[in-house]
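> What would the 3D arrangement of this be:
(chains A and B)
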Amino acid sequence: GAVVSQHPSWVICKSGTSVKIECRSLDFQATTMFWYRQFPKQSLMLMATSNEGSKATYEQGVEKDKFLINHASLTLSTLTVTSAHPEDSSFYICSATQGSGQPQHFGDGTRLSIL
Amino acid sequence: SQQGEEDPQALSIQEGENATMNCSYKTSINNLQWYRQNSGRGLVHLILIRSNEREKHSGRLRVTLDTSKKSSSLLITASRAADTASYFCVEAAGNKLTFGGGTRVLVKP
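Numbering: from 1, shown residues only, chains lettered A, B, ... in the order given. This next block holds a predicted model:
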């Protein structure tokens, strides 16, 4: 149980393109979803927290107009990297939880490469 | 938010040996969690220890927590090649997780 599916797993696109990443909880309802970014050989950095039906809360230094987050249902959150540039190339990982104090279940991540 | 520190950053052992890694954290936690990440993949939740617990076991994993020192340790006993991964100590305050720098563990067959 507690499976989180993240799609796509790998994206290569040209600079200036907008890229959408989906995060789905397959067998549970996720009241909260999280988006993280991970650079090579580094740890995960929280980008934003997304609660179903409300605006996402972004961490300091994360541009909300650059990284658009939508959490329209209890099983789906999307992250759109708008007008992506090479410096946005990274590994993006989502997670979902059923509630406060519950473990977060992670997707397998999306490797984004901007040429 | 500031990340905690993990020690060592990398660890190489032979199959069958034990692997121990430590972490120090910075905040007042509700609980502390350990996650595992295989290369280029998502994270798998291993174990959660609450702030009022001192030790917890799960299979070949043993976790300790010392809230007075703000430190935790993860012991993997009788390691296997499949245990090769990065291990992260994660501070949990409410819903928010703060990841440590991680320990990269290589178990050689």
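> give me the low-pLDDT residue ranges for the chain?
The chain I'm using is chain A. Within chain A, the ranges that satisfy pLDDT under 70 run A:1.
> To clarify, I was referring to chain B.
In the predicted model, chain B carries pLDDT under 70 at residues B:1-4.
> go again using 90 as the cut-off
B:1-7, B:25-31, B:39-42, B:45, B:91-98, B:100-101 (pLDDT under 90).
> Close to chain A: what parts of it are there?
For chain B, the residues in contact with chain A (Cβ under 8 Å from any Cβ of the partner chain) are B:1, B:3, B:30-31, B:33, B:35, B:40-45, B:48, B:88, B:92, B:94-102, B:104. Every residue, glycine included, has its C-beta placed from N, CA and C.
> Now which of the residues you listed would you call buried?
The neighbour count (16 or more other Cβ atoms under 10 Å in any protein chain shown) marks B:3, B:30-31, B:33, B:35, B:41-43, B:45, B:48, B:88, B:92, B:95-102, B:104 as buried among the residues of chain B next to chain A.
> Out of those, which sit inside helices?
The members of these all map outside helices under DSSP state H.
> how many other residues sit next to the spatially closest residue to A:Gln98 that is not a sequence neighbour?
Leaving out its chain neighbours, the residue that sits closest to A:Gln98 by Cβ to Cβ, 6 or more residues apart in numbering or on different chains is A:Phe28, at 5.6 Å. By the criterion of other Cβ atoms under 10 Å in any protein chain shown, A:Phe28 has 17 neighbours.
> so where does A:Phe28 fall, helix or strand?
Per DSSP states H and E: A:Phe28 is located in neither a helix nor a strand.
> ditto for the one 5 residues further on
Assessed by DSSP H and E, A:Met33 sits inside strand A:32-38.
> Give me the contact status of that strand with chain B.
Yes: using Cβ under 8 Å from any Cβ, strand A:32-38 reaches chain B at A:Thr32, A:Phe34.
> Mind listing residues that contact whichever helix or strand comes after that strand?
The element immediately downstream of strand A:32-38 (helix or strand, assigned by DSSP H and E) is strand A:44-51. For strand A:44-51, the external contacting residues (Cβ atoms under 8 Å, 6 or more residues apart in numbering or on different chains) are A:31-38, A:56-59, A:62, A:64, A:67, A:69-71, A:77, A:79, A:93, B:1, B:43, B:88, B:95-99.
> Please indicate which of the residues you listed are buried?
Members of those classed as buried by 16+ other Cβ under 10 Å are A:31-38, A:56-58, A:62, A:67, A:69, A:71, A:77, A:79, A:93, B:43, B:88, B:95-99.
> follow-up on the earlier one: from the contact counts, what lies against the strand holding A:Met33?
Counting contacts by 3 or more Cβ pairs under 8 Å, 6 or more residues apart in numbering or on different chains; DSSP states H and E, strand A:32-38 packs against strand A:19-25, strand A:44-51, strand A:67-73, strand A:76-81, strand A:90-97.
> Now do the buried residues in the second one.
Looking back up the chat, that one is strand A:44-51. A:Leu44, A:Met45, A:Leu46, A:Met47, A:Ala48, A:Thr49, A:Ser50.
> Much appreciated, bye for now.
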